[in-house]
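>>> Okay, here's the prediction I keep looking at, along with the sequence it came from:
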Amino acid sequence: MRETFWQLVRFGVAGGLATGLYALVYSPLAAFKITSEQVANIAGYLVAMLSGYVLHSKWSFRGHGVSAKTSASKFFAVSLVSYAVNTFWVWLLTDDAMLAGPWWWPLIPIVVVTPLVTFSLNRLWVFS
């Protein structure tokens, strides 16, 4: 139980960094209407996925199970789930046909909900 707690803390820090990088990429692209929210989401996802893989495989889940090489394809699959969840939030909260909210609304569930989903999948499947 203690190991899981500290793993969750490490995941939170590493995931927070990756999510912060996502927000740093997504926010100016969406806020200044450089591109659509969905394209900004893709750009943020790519940065977060690459940085997240390095951080999680080297630090968050180190010594938890499989090596980084054997976990890469599973991590990528989970990152696609993360991308799909984030795409849903962006669509639901900013699309004119849905809630038509401001560009920053999706950042709330992206920071709060998506990390819980990815931690569970990474711990139970990717790095187990």
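Structure received. Numbering: from 1, shown residues only.
>>> how about residue 74, what does it touch?
125-126 (Cβ atoms under 8 Å, 6 or more residues apart in numbering). C-betas here are computed from N, CA, C, even on glycine.
>>> Distance of it relative to residue 22?
Distance from residue 74 to residue 22, counting by Cβ to Cβ, to the nearest Å: 20 Å.
>>> in terms of contact, does residue 59 touch residue 14 like I think?
Yes. With contact defined as Cβ atoms under 8 Å, residue 59 reaches residue 14; the gap is 5.7 Å.
>>> So which of the two has more stuff around it?
Neighbours per residue (other Cβ atoms under 10 Å) separate residue 59 from residue 14, with residue 14 holding more: 20 against 12.
>>> average pLDDT across stretch 26-37?
Stretch 26-37 comes out with an average pLDDT of 97.
>>> chain center to it, what's the gap?
Put simply, stretch 26-37 sits 18 Å off its chain's centre (Cα atoms, centre = their mean, to the nearest Å).
>>> Go through it and flag the buried ones.
26, 29-30, 37 (16 or more other Cβ atoms under 10 Å).
>>> Look at the most far-flung residue of the chain relative to its centre and tell me its secondary structure.
The outermost residue of the chain relative to its centre, with distances by Cα atoms, centre = their mean, is residue 97 at 25.0 Å. Secondary structure for residue 97, judged by DSSP: H, G, I helix; E, B strand; the rest coil, is coil.
>>> Could you number the chain from 47 rather than 1 from now on?
Got it, the first residue is 47 from now on, which makes the last one we talked about residue 143.
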